[in-house]
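Peer 1: turn this into a model:
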Amino acid sequence: MKKKSLILWLVSGLATLTAILLAAFSCGSSTSNGSSGGSGDDAADDDDNDDASPTGTVHDVTVVDYAFEPMTITIAVGDSVRWTNTSTMQHHAENGNPGDPNAGDLFDSHTLNPGASYTFQFTTAGDYVYFCAFHPTLMFGAHVIVQ
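Peer 2: Just a heads-up that it's a prediction; the model follows:
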């Protein structure tokens, strides 16, 4: 019976390791530039030219490993959010939920390479949910609340 338990434990561990590796290596290879609306800057460049909101405040969201920090941020109409990837892997931030047909219709960072940032100015009040398209099962349900 011990041999069967060991085999089950090894198979379970291998499945977990496979899932982690697939998530890490399926970060995507898209390098599309630009944004779909608003005042987003080029996510592929690292020049920190993030003055998308000359009259508003720029609020920072950090992408760390498989998380957005903070998960929920509250800002004023006219303010901007700057997502900065401090991880060692590529990430992505786009409005909506995984599987939504309209995901990315307001903002879409495209590929955020390690060290890159993307800024978007919010001009309408609302609760904007967003996720990482490269890691949709791990990074979803984050919110920008615009008042």
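Peer 1: now stretch 66-79 - C-alpha only, CSV.
Peer 2: The C-alpha coordinates for stretch 66-79 follow below in CSV (Å, rounded to 0.1, in the frame of the first residue of the first chain):
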residue,chain,number,x,y,z
TYR,A,66,1.0,36.3,-10.3
ALA,A,67,-0.8,39.3,-8.6
PHE,A,68,-1.8,42.9,-9.2
GLU,A,69,-1.0,45.0,-6.1
PRO,A,70,-3.3,46.5,-5.1
MET,A,71,-6.2,44.3,-6.4
THR,A,72,-8.6,47.2,-6.1
ILE,A,73,-7.7,50.9,-6.5
THR,A,74,-10.1,53.9,-6.2
ILE,A,75,-9.3,57.0,-8.3
ALA,A,76,-11.0,60.1,-9.5
VAL,A,77,-12.4,60.8,-13.0
GLY,A,78,-9.5,62.1,-15.1
ASP,A,79,-6.8,60.2,-13.1
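Peer 1: now do the same for it: mean pLDDT, whole number.
Peer 2: When pLDDT is averaged over stretch 66-79, the result is 97.
Peer 1: do stretch 90-100 as well
Peer 2: 96.
Peer 1: just the C-alphas of it, formatted as PDB.
Peer 2: The C-alpha trace of stretch 90-100 is given here as PDB (Å, rounded to 0.1, in the frame of the first residue of the first chain):
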ATOM      1  CA  GLN A  90       5.600  38.800 -19.200                       C
ATOM      2  CA  HIS A  91       2.100  40.000 -18.100                       C
ATOM      3  CA  HIS A  92      -0.800  41.800 -19.600                       C
ATOM      4  CA  ALA A  93      -3.600  44.000 -18.200                       C
ATOM      5  CA  GLU A  94      -6.900  44.400 -20.000                       C
ATOM      6  CA  ASN A  95     -10.400  45.300 -18.900                       C
ATOM      7  CA  GLY A  96     -13.100  42.600 -18.600                       C
ATOM      8  CA  ASN A  97     -13.100  39.100 -17.300                       C
ATOM      9  CA  PRO A  98     -11.400  36.000 -18.900                       C
ATOM     10  CA  GLY A  99     -13.600  34.800 -21.700                       C
ATOM     11  CA  ASP A 100     -15.600  38.100 -22.100                       C
END
